[in-house]
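J.: have a look; sequence and predicted model below, questions after that.
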Amino acid sequence: MIIRLGYVAISLVLNITASKTITYTNYNKIGKEAGYKKLDILIRENFAKLKEILKYNYKNHIHFYRLSHNLIPLATHHNVDFDYLKPYQQLWQEIGNLSKQYDIRLDTHPDQFCVLNSPRQEVVQNSIVMLEFHQQIFHAMQIDGKAVLHVGGCFNNKEKAIKTFIRNFKKLDQKIQNIIILENDDKVFGVKDVLYICETLNIPMVLDYHHYKCHNDGEDLKEYLPRILATWSHENLRPKMHFSSPKSKKEFRSHSDYIDPLAFIDFLELLRPFNTDIDIMLECKAKDYALFTLIAYLKYKTNYHFLDETTFKV
DNA sequence: CGTGGTCAAGCGGTA
DNA sequence: TACCGCTTGACCACG
């Protein structure tokens, strides 16, 4: 099986981000004209930084990267009526072209305020607007991108919360449904729950190993992995998984700066029998530093065959 | 110049 | 009950 590694949003090596933003309060304070102008400047800066990051990823053979939704500040704010597509069509296109030319898979992650199964209608409506945003930018880039979503809240009744998610998902535009993939979380919806939803809706599941460690119902991953992998069978993309290490025993849920290499190797051994190519996103505070540190260890301590700097055969 | 509080938004968990 | 983490940064008032 061939494993590719990715990291999230910020390159610490380059020390740049493509997610400079403006608060709504500040945007409001400076007036509409100045607000638009500020947004336009920020967006163009963010695009420029993103191009630098993609170029850097390419040079370092990183084929997998999560875009920050902050690329477009206030994109989904209900009081900010700003077209983030048309004026930037050229730029979206350029990012999409770089993604293809450099062979870098791009995914996104709606933030914690995107709760599709909320009992509050306004929260659901906001969530749909956010998901629309993700769909539209993938469309503008003309790439087959996916947005990794959590199921949402529990609201004291998990069964009901799952039903609400399924019902609300089915009401979404088909275009939006097509970009959503679901991840197990660290508190409420475990592997079993998310797999059930994914199989019901016929959408891919992202296994988050750290979340599984934080919250599970005693599921044996060996049993569940074939079904998790099968949720990807109708996609052109490789199955995606998340891996991170706990900060400490006490703060287990928090992400550590770096990956524990032995735990990572154990995880790969768990995956080995299924012999499937997988993209693994590393979620660490130290971002790309953590990725390179892990790779250095793997090169030193294992006999994995490296096809390029970050791609290897197990 | 550095630090802490605030900013659009939701949840569940912890002290 | 009030704050924390998830995501992740800007900018102000204050010392």
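T.: Nice, I can see it.
J.: and A:L298, what element?
T.: In the assignment (DSSP states H and E), A:L298 maps to helix A:287-301.
J.: what's that helix packed up against?
T.: The contact analysis (3 or more Cβ pairs under 8 Å, 6 or more residues apart in numbering; DSSP states H and E) places helix A:287-301 against strand A:2-8, helix A:261-271, strand A:278-282. (C-beta placed from N, C-alpha, C; glycine too.)
J.: tell me the mean pLDDT for the first one?
T.: Average pLDDT, strand A:2-8: 95.
J.: stretch A:131-138 too?
T.: Mean predicted lDDT for stretch A:131-138 stands at 96.
J.: run through who's touching that stretch.
T.: If you take Cβ atoms under 8 Å, 6 or more residues apart in numbering as the criterion, stretch A:131-138 is touched by A:67, A:69, A:71-72, A:75-76, A:84-85, A:92, A:108, A:110, A:114, A:116, A:144-145, A:147, A:149, A:172-173, A:175-176, A:178-180.
J.: please repeat the previous calculation with a cut-off of 10 Å.
T.: A:67, A:69, A:71-72, A:75-76, A:84-85, A:88, A:92, A:95-96, A:106-110, A:114, A:116, A:143-149, A:169, A:172-173, A:175-180 (Cβ atoms under 10 Å, 6 or more residues apart in numbering).
J.: filter these down to the ones near DNA strand C?
T.: A:H109 (Cβ under 7 Å from any atom of the strand).
J.: looking at the contacts of stretch A:131-138, which are in helices?
T.: Among the contacts of stretch A:131-138, DSSP state H puts A:92, A:95-96, A:169, A:175-177 in helices.
J.: what about stretch A:232-241 and DNA strand C, any contact?
T.: No: for stretch A:232-241, no contact with DNA strand C is found by Cβ under 7 Å from any atom of the strand; the gap never falls below 14.0 Å.
J.: which parts of that stretch are buried?
T.: A:232, A:238-241 (16 or more other Cβ atoms under 10 Å).
J.: from the residues you listed, which is closest to A:E45?
T.: A:K240 (28.9 Å; Cβ to Cβ).
J.: how about the nearest residue to whichever residue of the stretch 151-300 of chain A sits closest to DNA strand B, chain neighbours excluded?
T.: Nearest residue of the stretch 151-300 of chain A to DNA strand B, counting by Cβ to the nearest atom of the strand: A:G153, 2.8 Å away. Spatial nearest neighbour of A:G153, excluding adjacent residues (Cβ to Cβ, 6 or more residues apart in numbering): A:V115 at 5.7 Å.
J.: same question for A:R227.
T.: A:R227 sits nearest to A:L195 (Cβ to Cβ, 6+ apart), 5.9 Å away.
J.: repeat that for A:I22.
T.: A:P73 (5.1 Å).
J.: contact partners for A:H77?
T.: A:24, A:27, A:126, A:129.
J.: phi and psi next, for the closest residue to A:R105 other than its chain neighbours.
T.: Excluding the flanking residues, the one nearest A:R105 by Cβ to Cβ, 6+ apart is A:F64, at 4.8 Å. Here is the backbone geometry of A:F64 (degrees, to the nearest 10): phi -160, psi 120.
J.: which residues does A:F64 contact?
T.: A:4-7, A:57, A:103-107, A:238, A:240, A:279-282, A:291, A:310-311.
J.: distance of it from A:S11?
T.: 13 Å (Cβ to Cβ, to the nearest Å).
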